[in-house]
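# Let's see this in three dimensions:
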Amino acid sequence: MNFLYISPEFPPNYKNFILELVRAGDRVYGIGEADFCSMPEDLRGALAWYARCDMNDTEAFLRAADGLVHGVVRGPVDVVESHNEHWMSREALINERFGIEGIRPSDMSRLRKKFGMKQVFAADGIPVAEGCLFDGKDPEACPAFARRVGFPLVLKPNEGVGAFGVFKVDDESQLAYHLGRIGTEYVLEKFINGRIVTYDGMTDRQGNVVFESSLTYGTGVLENVLGQDTFLYTMMAIPEALAALGRRTVSLFGIRRKFFHFEFFEVDGKYMPLEINARPPGGQILDMMNYSVDGDLYRAYARMLRGASLDLPGRKKYFVGYAGRKDKAYRLSHQEIMARHGCRIVEEGENPPLYWSGMGRCRYIFRSADEDEVLNVRDEILDLS
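Residues are numbered from 1 along each chain as shown. As a prediction, this is how the structure comes out:
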């Protein structure tokens with residue numbers, strides 16, 4: 001199988017997808033912005049070919065893709081994948097240009113644009129936070145919406161990742177201030193006071209969910225970006241109502257041979273969609289999912305594409321926690337944390353700078369079959385002096 005992987009160098013742990021595809025006998029060709037020589041040696045050795053280009057320049061990107069597909073790849077390209085939401089539109093462009101099975105540019109409205117997601121859910125009778133689209137055409141639309149539903153509200157980019165460019169709006173003066181400074185499409189929506197949980201996993205080529213997981217966030221990503229420490233953890237059991245809504249969402253958005261990361265508000269035991277992502281959850285969360293079952297989802301993905309069994313355990317063994325430290329004075333030093341909890345910590349290290357605001361500068365991933373133990377480890381790691 002010929003596999004075209006977009007942005008093979010980032011995030012760093014996703015090189016494991018390429019390594020496992022090559023171990024399965026596939027040829028992987030890369031296209032991205034990074035200098036080839038800056039990539040890890042094992043990644044460079046696994047790529048059959050790499051084309052470097054300005055990914056933000058559509059014409060330059062398509063020229064690089066044309067050169068790969070017509071001048072380098074032996075035979076047809078079978079799969080194009082980015083696993084990175086930022087480049088999903090590039091994946092869709094290549095699929096359409098060369099007639100490859102997969103997402104198309106026409107899918108971007110429902111897969112990447114938050115207002116489009118709301119419309120898909122609403123059309124299927126699934127309640128979402130009420131919102132309106134700000135595109136600069138009607139300056140009175142957002143103030144009128146605010147007067148009707150009241151404050152607080154949330155203003156966020158219609159197309160974006162995480163909490164970058166997201167604002168909580170508490171009154172009319174704040175709304176006017178932000179509306180006067182944003183330059184792209186934004187969504188203004190009612191603030192929902194609820195815990196954020198996820199339904200994550202992977203589908204096969206037919207759209208069947210073949211692996212599922214769920215995260216609980218200690219705080220929202222917006223709070224993390226604003227300075228709060230990051231904590232989240234995987235659950236050992238997924239509430240049936242959440243799993244049912246998650247599977248319905250997979251079908252509704254046509255997620256096939258892909259990972260997915262769906263976020264929901266949990267309010268009084270009920271779930272309301274926040275947004276969907278047709279890619280793996282970010283950062284080290286995929287590794288947390290591996291730690292929860294003692295499995296290898298990178299390898300399982302390569303096997304799924306070939307129609308083979310995933311070779312994954314059938315049930316979760318652990319709750320897996322993630323604590324991200326920022327540049328603060330904490331009560332326990334790194335050495336003290338490792339001395340106390342080293343037997344439960346399965347990974348620790350410094351994150352790429354791009355993650356620092358949302359996921360913390362230094363990460364600790366730890367696990368236990370006891371949920372309270374995971375929460376206690378979190379308390380000690382994030383306890384301030």
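
# how close does the residue nearest to Y298 when sequence neighbours are not counted sit to T216?
Counting by C-beta to C-beta, 6 or more residues apart in numbering, Y298 lies nearest to N16, which is 3.9 Å off, once chain neighbours are set aside. For every residue, glycine as well, the C-beta is placed using N, CA and C. Distance, N16 to T216, using C-beta to C-beta, to the nearest Å: 25 Å.

# Comparing those two, which shows the higher neighbour count?
The neighbour count for N16 versus T216, taken as other C-beta atoms under 10 Å, is higher for N16 (20 against 17).

# Grab the most central residue of this protein for me.
With distances taken as C-alpha atoms, centre = their mean, P281 lies nearest the centre of the chain, 3.3 Å away.

# now that one, what's its secondary structure?
Recorded secondary structure, P281: coil (DSSP: H, G, I helix; E, B strand; the rest coil).

# what's near enough to touch it?
Applying C-beta atoms under 8 Å, 6 or more residues apart in numbering to P281 gives the contacts 198, 200, 215, 259, 261, 289.

# can you tell me which of those are in strands?
Those of the contacts of P281 mapping onto strands are 198, 200, 215, 259, 261, per DSSP state E.

# and the first one, how many neighbours does it have?
If you count neighbours by other C-beta under 10 Å, T198 ends up with 25.

# So what pairs up with it in the strands?
E263 (DSSP bridges).

# Parallel or antiparallel, list what pairs with the one helix or strand A323 maps to.
Assigned by DSSP states H and E, A323 falls within strand 319-325. When sheet partners are counted by DSSP bridges, strand 319-325 sits next to strand 230-234 (antiparallel), strand 362-368 (antiparallel).

# For those, state which one has the densest average packing.
Scoring the strands paired with strand 319-325 by mean neighbour count under mean count of other C-beta atoms under 10 Å gives strand 230-234 as the most buried, with a mean of 25.

# Tell me the helix or strand right after that one.
helix 240-253.

# elements contacting that following helix?
Packing partners of helix 240-253 (3 or more C-beta pairs under 8 Å, 6 or more residues apart in numbering; DSSP states H and E): helix 114-123, strand 195-203, strand 209-213, strand 259-267, strand 270-277.

# From what I see, K118 and G131 are in contact.
Yes: counting by C-beta atoms under 8 Å, G131 is a contact partner of K118 at 6.1 Å.

# who touches both of the two?
With C-beta under 8 Å, 6+ apart as the test, K118 and G131 both reach V187.

# Just the strands from the stretch 51-200 of the chain, written as ranges.
Applying DSSP state E, counting those that start in this stretch to the stretch 51-200 of the chain gives strands spanning 79-81, 131-134, 153-157, 167-169, 186-190, 195-203.

# Do I have it right that I285 meets Y322?
Yes: contact criterion C-beta under 8 Å: I285 and Y322 qualify, at 7.3 Å.

# Could you report the distance from the residue lying closest to M55 once chain neighbours are set aside to H261?
Once flanking residues are discounted, M55 sits nearest to E33: 5.0 Å by C-beta to C-beta, 6+ apart. Noted for E33: a distance of 23 Å to H261, by C-beta to C-beta.

# Between those two, which is the more surrounded one?
For E33 and H261, the more surrounded residue by other C-beta under 10 Å is H261, and the numbers stand at 21 against 14.

# returning to what we had before: rebuild the strands of the stretch 51-200 of the chain as CSV, extending it with distance to Y50 and mean pLDDT.
Shown next, in CSV, are the strands of the stretch 51-200 of the chain (distance: least, C-beta to C-beta, whole Å; pLDDT from 0 to 100):
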stretch, distance to Y50, mean pLDDT
strand 79-81, 15, 97
strand 131-134, 39, 93
strand 153-157, 31, 94
strand 167-169, 39, 93
strand 186-190, 36, 95
strand 195-203, 26, 96
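
# now the ones you listed as a markdown table including distance to F366?
Formatted as a markdown table, the strands of the stretch 51-200 of the chain follow (distance: least, C-beta to C-beta, whole Å):
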| stretch | distance to F366 |
| --- | --- |
| strand 79-81 | 30 |
| strand 131-134 | 37 |
| strand 153-157 | 31 |
| strand 167-169 | 31 |
| strand 186-190 | 35 |
| strand 195-203 | 19 |
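
# residues in contact with stretch 92-99?
So stretch 92-99 is in contact with 4, 6, 58, 61-62, 65, 69, 77, 80, 100-105, 107-108, going by C-beta under 8 Å, 6+ apart.

# Could you give me the ChimeraX selection string for whichever of the residues you listed are buried?
The following ChimeraX line selects those of the contacts of stretch 92-99 that are buried, judged by 16 or more other C-beta atoms under 10 Å:
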select :4,6,61,65,69,77,80,100,102,103,107,108
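
# Great, nothing more from me.
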